[in-house]
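Chemist: how does the following fold in three dimensions:
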Amino acid sequence: MHRGKKIILLSHCILNVNSKVYGIGNYEGSLEELMIPLIQKGYGFIQLPCPELLSCGLKRWGQVKDQYETPYFYKHCKSLLAPIIDQVLDYSKNGYKIVSCIGIDRSPSCGVDITCRAHNWGREIDESFSVKDVTSALNWVEEKGVFMEVFEKLLLENDLKINFLAIDESNPKASVEKILKELE
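Modeler: Sure, this is the predicted structure:
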């Protein structure tokens with residue numbers, strides 16, 4: 001049996017948009033524009049778990065990185081990533097190439113180059129609450145989301161180097177083109 005022996009790690013929602021916060025999602029099921037060409041190029045995939053879904057469920061609110069920067073969420077990410085690290089180590093030892101990890105820019109957990117921050121998120125929603133005041137504090141910053149931060153650290157601790165790429169939710173089409181070009 002012929003195997004390409006090249007693997008890409010994917011943020012969960014690239015294969016399953018249904019895991020995202022309600023109201024967010026640029027495609028119906030999987031990001032076909034990315035996945036079909038990668039499948040045709042012979043890549044295998046490891047779908048990373050969604051740390052947000054697995055801690056807060058489907059009915060969660062949109063969060064910012066500031067809210068996930070807790071000892072509990074870091075520990076949660078480490079426990080979700082432990083079996084992924086084991087898989088990457090095993091594949092690597094057996095001659096497979098882990099080509100890349102594709103995350104989701106602007107995500108508070110899976111952002112690779114850009115994530116979201118806001119100093120005033122996290123409070124009771126009562127009569128004094130103003131959506132406009134809260135959302136006006138949202139900032140896009142050039143740093144990884146919490147899950148990707150933990151993943152990169154665990155990879156380094158295990159002497160593993162993986163190239164990180166990202167789908168930017170503000171322009172997924174351009175991101176897909178850039179990723180496909182880089183993976184030619």
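
Chemist: list the buried residues in the worst-scoring helix or strand of the chain on mean pLDDT.
Modeler: One helix or strand of the chain scores below all others by mean pLDDT, DSSP states H and E: helix 131-136, with a mean of 85. Within helix 131-136, the residues that count as buried by 16 or more other Cβ atoms under 10 Å are Val134. For every residue, glycine as well, the C-beta is placed using N, CA and C.

Chemist: next helix or strand past that helix?
Modeler: strand 139-141 (DSSP states H and E).

Chemist: who are the packing partners of that next one?
Modeler: strand 115-117 (3 or more Cβ pairs under 8 Å, 6 or more residues apart in numbering; DSSP states H and E).

Chemist: contacts for the strand it packs on?
Modeler: Here strand 115-117 makes contact (Cβ atoms under 8 Å, 6 or more residues apart in numbering) with 64-66, 105-108, 138-141, 143-145.

Chemist: and Ile104, that one's in a strand?
Modeler: Yes: counting by DSSP: H, G, I helix; E, B strand; the rest coil, Ile104 is part of a strand.

Chemist: what residues are bridge-paired with it?
Modeler: Residues in a beta bridge with Ile104, per DSSP bridges, are Ile167.

Chemist: I'd say it and Glu169 touch.
Modeler: Yes: at 6.4 Å, Ile104 counts as touching Glu169 under the criterion of Cβ atoms under 8 Å.

Chemist: any buried residues in the top helix by length along the chain, and which?
Modeler: Taking DSSP state H as the criterion, the chain has its longest helix at helix 71-93. Within helix 71-93, the residues scored as buried using 16+ other Cβ under 10 Å are 73-74, 76-77, 80-81, 84-85, 88, 91-92.

Chemist: and that helix, average pLDDT?
Modeler: Averaging pLDDT along helix 71-93 gives 98.

Chemist: hmm, Val21 and Trp61 touching each other?
Modeler: Yes: assessed by Cβ under 8 Å, Trp61 is found in contact with Val21 at 7.0 Å.

Chemist: higher neighbour count, these two?
Modeler: Comparing Trp61 with Val21 by other Cβ atoms under 10 Å, the one with more neighbours is Val21, at 17 against 11.

Chemist: quick one: contacts for the residue lying closest to that one once chain neighbours are set aside?
Modeler: Closest residue in space to Val21, ignoring its immediate chain neighbours: Gly62 at 4.8 Å, by Cβ to Cβ, 6 or more residues apart in numbering. Each residue near Gly62 by Cβ under 8 Å, 6+ apart is listed here: 21, 23-24.
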